[in-house]
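Visitor: Okay, sequence plus prediction incoming.
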Amino acid sequence: LPGPIIALTTDFGWGSSYVAQLKAVFLGSVPEARLVDVSHSVPAQSVLHGEILLRSIAFIYGPGSVHVVVIDPGVGTQRLPIAVEARGCFFVGPDNGLFGQLKTVPGSRAVVLDKPEIFRHPVSNTFHGRDIFAPVAAELASGLVLDDVGTPIESWATGTLDTPMQRNGLFDVPLLAADHFGNILTHLHARQIPENPRIYLNKNDISLVATYGDATDGSLVALIGSDGYLELAVKNGSAAEALGANWQTCQLSVSSKR
Amino acid sequence: LPGPIIALTTDFGWGSSYVAQLKAVFLGSVPEARLVDVSHSVPAQSVLHGEILLRSIAFIYGPGSVHVVVIDPGVGTQRLPIAVEARGCFFVGPDNGLFGQLKTVPGSRAVVLDKPEIFRHPVSNTFHGRDIFAPVAAELASGLVLDDVGTPIESWATGTLDTPMQRNGLFDVPLLAADHFGNILTHLHARQIPENPRIYLNKNDISLVATYGDATDGSLVALIGSDGYLELAVKNGSAAEALGANWQTCQLSVSSKR
Amino acid sequence: LPGPIIALTTDFGWGSSYVAQLKAVFLGSVPEARLVDVSHSVPAQSVLHGEILLRSIAFIYGPGSVHVVVIDPGVGTQRLPIAVEARGCFFVGPDNGLFGQLKTVPGSRAVVLDKPEIFRHPVSNTFHGRDIFAPVAAELASGLVLDDVGTPIESWATGTLDTPMQRNGLFDVPLLAADHFGNILTHLHARQIPENPRIYLNKNDISLVATYGDATDGSLVALIGSDGYLELAVKNGSAAEALGANWQTCQLSVSSKR
């Protein structure tokens, strides 16, 4: 039987000793686990970046998989350590909005991690990833259920990854992040986009194409990315570079064509 | 029995959700596989960089191993998805030159991936790595043979990693890439280099040394790297820095000493 | 039974073919091994950075684990290849100070790697990681003992990671490295710090806080990091940025408060 999947997402930096220490917890207590380094290059303390990653990958490792997500600017303060279960997958980390998008998943629920007998002691003030989240994630990967590791809570923190809202027939679409290709990601899903949409960037029309190759070299286009969300791209180039350092302030809007 | 080795080489960026999604395919369908992250920091869309990596590592994981290489600027267009077999190793990716160097391997052969029943559906226009290459690589890792996953093709694309040619007793040697140490790689193999060679960089003589430590601090030297190819290095320094931002335009030539 | 843990720490660069080649040795000869990529982004040839990593992680993978540490500016020269055993853990790499801190571990011992029958041949002049250190580490992971892989040596190289010394009641504390958050690490351990200490940075008093969240936004503070050592931090910011490019030259001192 293959071991459980434990997926690690942190802002520790690739090659930091913090990652190595997190893994030591899993290698020691769940030796058969299959560890996946989702990311250790989340921009320092960017909860939004963690939410965008989870949007794509929350459920891809299937029931029983455990995500430990440590983007934790409030470590050692009053923010709660929690674990969430949704569609049979587990998510362990700080209650700071990282898991906000799981609130609308039918049947999702959460517990506050209040069983210190599971923790690694002494619990550091600055590294709950190693001392609280990893030991709890290890127990969930090993077969404990949510109620074994904490006490149910009614709700948990909402994140900042918002579904763009329509006003007067127009979606105002924030530009969220750039990938390694310079493609710029948004949170407007294809199913929200009207047929034959009109897409404006800083009030200029841009085209919606089916794939990168359908664009002309150097032109900025919109397309539906592999996760189903609208993104901006430049064929054989970088949309982030084309728009300049302040690309996050560009205005993207989508309306029905008329 | 240890699981099959699946080696991943992409330009997705370390920590991108695309890598996590690629792995989900393998973890789901070949749970016993041993995944190796060769690189996810290939410069965006640099087929040449992929070729240089494969030059070093194509056969190191032994017969039965599978390389999935996703550097795919033409995703969603007419370039073909292929799988190549050479020396018992498999290579899956786009037919854009990545696998050009395998054409001269005795007995190597290729198929076009035309069996949609193997793919992940719906097939995204922009992420064949996840939807075509990974599922096919998973099947090859699990024991399918080349003809199970596609239809034989006569030939496949030549890459841009060229063997330097000799003209009038002189090799003109392109500078291809820099590693983490600032060593500059070429594609001139030791066996092509004449005895007692004369090596010129921008018309200045440079020495050929046996190892980094044999150079004097700060001097630029040539040596034979661990893969057998000529490279440029600076002891306790960086050849790329020493030559400046335009190091790729420097002229390196090798001739017989006389 | 879970396989042995082999932890890799190098300055090869994430995504370099050198890492892939190192792993090929382990995947081929210890297929059941659990490989941990501690870091491949050690600054080129920074032995000190390797020492700082080992400070945190030397023993976290438990008895029987093997660290292969390849930060090796002197490769191919007279520096010795060694293996060290301490608290049942093994450490393989060049004798250039990397393993200096293990000298004071009770019972620690070392051998020089002088059994070429274990090496991979031909041994490259520039890549002892692949040809000497990895094959030896593989044998140790597979159950060989220290004396099987080399000949005992009396001592080995001291590193540069020094315990800050007290002079006239004042510790002069070098600033060693910055992590992904811009926190600045030192080698002054909590147990050396007097009660109610007075901490000066460039002669200005700074506070010692319990966790990042206890600081006010933007203020530079000292705290005890998760490994027990004094570090500098800025809440929701970067101490390295706050101190500027020359942060390594800042003067940090610690004395008894009075």
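Guide: Looks like it came in fine. Numbers count the residues shown, from 1 in each chain, chains lettered A, B, ... in the order given.

Visitor: Sticking with the residue lying closest to residue A:17 once chain neighbours are set aside, tell me its helix or strand.
Guide: With C-beta to C-beta, 6 or more residues apart in numbering or on different chains as the criterion, residue A:17 has its nearest non-adjacent residue at 3.8 Å, and that residue is residue C:56. Just so you know, the C-beta spots here come from the backbone N, C-alpha and C atoms, and that holds for glycine as well. Secondary-structure element containing residue C:56, defined by DSSP states H and E: helix C:47-57.

Visitor: Give the bridge partners for the nearest residue to residue A:129 once chain neighbours are set aside, please.
Guide: Distance criterion C-beta to C-beta, 6+ apart; nearest residue to residue A:129, sequence neighbours excluded, is residue A:70 at 3.8 Å. The residues listed as beta-bridge partners of residue A:70 by DSSP bridges are residue A:10.

Visitor: Report the contact partners of the residue of the stretch 101-250 of chain A found nearest chain C.
Guide: Minimum separation of the stretch 101-250 of chain A from chain C (C-beta to the nearest C-beta) falls at residue A:127, amounting to 3.5 Å. Residue A:127 sits next to A:18, A:21, A:75, C:225, C:226 when contact means C-beta atoms under 8 Å, 6 or more residues apart in numbering or on different chains.

Visitor: among those residues, which two are most distant?
Guide: Considering C-beta to C-beta, no two members of these lie farther apart than A:21 and A:75, which are separated by 14.2 Å.

Visitor: Around chain B, pick out the residues from chain A.
Guide: When proximity is defined by C-beta under 8 Å from any C-beta of the partner chain, chain A lies next to chain B at A:2, A:5, A:7, A:14, A:34, A:36-42, A:52-53, A:56-57, A:60-62, A:179-182, A:210-214, A:223-227, A:236, A:238.

Visitor: Using neighbour counts, trim those to the buried set.
Guide: Of all the residues of chain A next to chain B considered here, the ones buried according to neighbour count by 16 or more other C-beta atoms under 10 Å in any protein chain shown are A:5, A:7, A:14, A:34, A:36-42, A:52-53, A:56-57, A:60-61, A:179-182, A:211-213, A:223-227, A:236, A:238.

Visitor: Among these, which ones are in strands?
Guide: Among those, the members falling in strands (DSSP state E) are A:5, A:7, A:34, A:36, A:37, A:38, A:39, A:223, A:224.

Visitor: so which of these comes closest to chain B?
Guide: Each of these was scored against chain B by C-beta to the nearest C-beta, and residue A:39 proved nearest at 3.2 Å.

Visitor: Could you check how far that closest one is from residue C:72?
Guide: Counting by C-beta to C-beta, to the nearest Å, the separation of residue A:39 from residue C:72 is 29 Å.

Visitor: do the same with residue A:204
Guide: As it turns out, when the distance is counted by C-beta to C-beta, residue A:204 lies 54 Å from residue C:72.

Visitor: where exactly do the helices run in chain A?
Guide: In chain order, chain A shows helices spanning A:17-29, A:47-57, A:128, A:134-141, A:146-149, A:239-243, with DSSP state H as the criterion.

Visitor: Rebuild the ones you listed as a markdown table, extending it with mean pLDDT.
Guide: Formatted as a markdown table, the helices of chain A follow (pLDDT from 0 to 100):
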| stretch | mean pLDDT |
| --- | --- |
| helix A:17-29 | 98 |
| helix A:47-57 | 98 |
| helix A:128 | 96 |
| helix A:134-141 | 98 |
| helix A:146-149 | 98 |
| helix A:239-243 | 96 |
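
Visitor: Excluding covalently adjacent residues, which one is nearest to residue A:105?
Guide: Here the nearest residue to residue A:105 in space, its sequence neighbours aside, is residue A:86; by C-beta to C-beta, 6+ apart that works out to 4.3 Å.

Visitor: What segments of the stretch 51-200 of chain A are strands?
Guide: In the stretch 51-200 of chain A, strands defined by DSSP state E, counting those that start in this stretch lie at A:66-70, A:81-86, A:89-94, A:109-112, A:151-153, A:166-167, A:170-173, A:177-178, A:184-189, A:197-201, listed in chain order.

Visitor: Could you list the residues of chain A in contact with chain C?
Guide: For chain A, the residues in contact with chain C (C-beta under 8 Å from any C-beta) are A:11-21, A:23-24, A:27-28, A:31-32, A:37, A:40, A:44-45, A:73-77, A:124-127, A:130-131.

Visitor: Check those for burial and list the buried ones.
Guide: Among the residues of chain A next to chain C, the ones that count as buried by 16+ other C-beta under 10 Å are A:11-21, A:23-24, A:27-28, A:37, A:40, A:44-45, A:73-76, A:124-127, A:130-131.

Visitor: what about the closest residue to residue A:99 other than its chain neighbours, neighbour count?
Guide: Distances taken as C-beta to C-beta, 6+ apart place residue A:84 nearest to residue A:99, at 4.8 Å, with adjacent residues excluded. Using other C-beta atoms under 10 Å in any protein chain shown, residue A:84 has 26 neighbouring residues.

Visitor: and if you look at residue A:163?
Guide: Neighbourhood size, residue A:163 [other C-beta under 10 Å]: 12.

Visitor: check contacts around it.
Guide: A:187, A:188, A:189, A:192.

Visitor: quick check, nearest of these to residue C:167?
Guide: Proximity of the contacts of residue A:163 to residue C:167 (C-beta to C-beta) peaks at residue A:187, which lies at 57.3 Å.
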